[in-house]
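> A structural model of the following input is requested.
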Amino acid sequence: MRYQSNPVIVEAFQYDGDLMGSDGKYYVPDWAVEAYEKRVMYYKAMRIGEPPCELFVDTPAGTLHVSVGDYVIKGTKGELYPCKPDIFQEIYSRYVPLSPLHEEPVTLGGKNEERAKM
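Alright, predicted model coming up:
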């Protein structure tokens, strides 16, 4: 049998080596700041004796390293995971709503069916 994945909209940001600017203000999405404050995303050393300057994220599959240039994706259930830029660009494209009234995607079936009738 063959299967096709359902279209899904995710949130993501490309990691550039930091989460905040030199002014001390975060420049990543609020959900990423929340994940950092809750220690779902955190810095630690790759090896004993090194400074904690590598970003890691706890995912459903375990703890994964986030390299500079990787995208950090927030999945449909709020889970976070890193994705290499070439794979991200192959799978995802920027979501542009058709109108400001439709920030949320409207699909028929499931939980969105009643919303689509409105």
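
> Can you tell me the centre-most residue of this protein?
Centroid-nearest residue in the chain: Ile73, 1.7 Å away (criterion: C-alpha atoms, centre = their mean).

> what about it, which SS state?
Of the three states, Ile73 takes strand under DSSP: H, G, I helix; E, B strand; the rest coil.

> Relative to Val40, how far out is it?
Separation of Ile73 from Val40 (C-beta to C-beta, to the nearest Å) stands at 13 Å. Where you see a C-beta, it was placed from the backbone N, CA and C, and this is true even at glycine.

> show me where pLDDT drops low in the chain?
100-118 (pLDDT under 70).

> all helices for the protein, in order.
30-37, 85-91, 113-117 (DSSP state H).

> Same list, these, but as a markdown table with distance to Phe56 and mean neighbour count please.
A markdown table is the format used below for the helices of the chain (distance: least, C-beta to C-beta, whole Å; neighbours: other C-beta atoms under 10 Å):
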| stretch | distance to Phe56 | mean neighbour count |
| --- | --- | --- |
| helix 30-37 | 11 | 15 |
| helix 85-91 | 18 | 12 |
| helix 113-117 | 37 | 10 |
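
> I'd like those helices laid out as CSV, including distance to Lys77.
Formatted as CSV, the helices of the chain follow (distance: least, C-beta to C-beta, whole Å):
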stretch, distance to Lys77
helix 30-37, 13
helix 85-91, 18
helix 113-117, 19
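
> nearest to Leu19, of those?
Distance to Leu19, taken as C-beta to C-beta, is lowest for helix 30-37 among these, at 6.0 Å.

> Hmm, the residue nearest to the centre of the chain is touching Val8, no?
No. If you go by C-beta atoms under 8 Å, Ile73 and Val8 don't touch, sitting 10.6 Å apart.

> Of all the helices of the chain, which one comes closest to Leu55?
helix 30-37 (9.1 Å).
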